[in-house]
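Asker: Give me coordinates for this.
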Amino acid sequence: MSLSHNRQKKLIEMIQTDGEVRIRDVIVHFNISEETARRDIKQLEQDGLVVRVHGGAVATQQPKLLAVSSRAISQRAEKNAIAEIALGLLKPGQNLFLGGGSTVLSLARRISALPEMRIVTNMVDIAIAAADGRRHRVVMLGGEFNPDFRTVTGFLGLRTLREQQIDVAFIGVNAVHPTLGVFDHEQVGQDLAATLSEQTRKIVVLADHTKFGLSLRYRILPHSAISSIITDRKPAPDVLKQIEAAGAQILYPQQKPS
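Answerer: Just a heads-up that it's a prediction; the model follows:
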């Protein structure tokens, strides 16, 4: 991670803790120029994490949302590369599901100018981003709200998904194992993935290179249930071979979808 990314990550922590920050405090705390301080704040505003005000910035989210905010900064370039590839899979009129997570959020922030689609999501931030420009129809699933991850889970959301057919579902995961499939930290991810596998024509996993070669407690999908895994760099040859042999296509910047 670059020095600027490290600094911006710490800066958002300051803003989320205090609710606001002043330019002069940023300059002193990080020992940087006023121009650099303003550039950092401008970048955080473009990422939807703060709102610039006279003399500084204020938080757009509550302190509990630090987990999501920090992830939005971490691996920003990688998330952007993945989102750009995912755009190539979108078509007018599709009924899409966008799952929770900062990588999927990067995709949602890029679709406002695209032809009309229907977007179903369980993440508040994604619903807001997808509705930007008022071009797309956005459906927010119901359920129990998780304030740390800004997502909803539970029976109500799953029932809504079971009543419709999804063309493409984009989901984030916490680990991609070469042979076993994709994994999540939470068991609720299993329930959502199982429902999506029944109601979705294609499931696309968005995962940066740091997620590969790992496994966690909860396997949410085998590779055979996944259409594509989009990542930011080409995996190791043996990993690539194992995953594709199991049934999932790997897409990365040097190999965009045809």
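
Asker: quick one, domains of this structure?
Answerer: 3-61, 75-251 (automatic domain parsing).

Asker: Give me whichever of the ones you listed is most buried.
Answerer: For those, the largest average neighbour count (mean count of other Cβ atoms under 10 Å) is found in domain 75-251, namely a mean of 19. C-beta: built from backbone N, CA, C; applies to glycine.

Asker: tell me how far that domain is from the chain's mean position?
Answerer: Mean C-alpha position of domain 75-251 versus that of the full chain (Cα atoms, centre = their mean, to the nearest Å) differs by 8 Å.

Asker: Mean confidence (pLDDT) on that domain, please.
Answerer: Mean pLDDT, domain 75-251: 92.

Asker: how about the strands in the stretch 151-258 of the chain?
Answerer: Taking DSSP state E, counting those that start in this stretch as the test, the strands found in the stretch 151-258 of the chain are 151-153, 166-172, 175-177, 181-184, 200-206, 218-221, 228-230, 249-251.

Asker: which residues are contacting the first one?
Answerer: Spelled out, that is strand 151-153. 100, 122-124, 140-146, 188, 191-192 (Cβ atoms under 8 Å, 6 or more residues apart in numbering).

Asker: One more: the fifth one?
Answerer: Counting by Cβ under 8 Å, 6+ apart, strand 200-206 makes contact with 82-83, 86, 89, 97, 101, 103-104, 107, 165-173, 176, 182, 193, 196-197, 221, 225-230, 248, all of which sit outside it.

Asker: How about stretch 219-230?
Answerer: 82, 85-86, 89, 168, 173, 176-177, 179-184, 189-190, 192-194, 197, 202-207, 243, 246-252, 257.

Asker: Please repeat the previous calculation with a cut-off of 6 Å.
Answerer: By Cβ atoms under 6 Å, 6 or more residues apart in numbering, the surrounding residues in contact with stretch 219-230 are 82, 85-86, 181-184, 189-190, 193, 197, 202-206, 243, 246-251.

Asker: what sits against residue 7?
Answerer: residue 30.

Asker: and it, what helix or strand is that in?
Answerer: In this structure, residue 7 is located in helix 3-18 according to DSSP states H and E.

Asker: my guess is residue 157 contacts residue 141, does it?
Answerer: Yes: contact status for residue 157 versus residue 141: in contact at 3.5 Å, counting by Cβ atoms under 6 Å.

Asker: Touching both of these two, which residues are there?
Answerer: Counting by Cβ under 6 Å, 6+ apart, the residues touching both residue 157 and residue 141 are residue 122.
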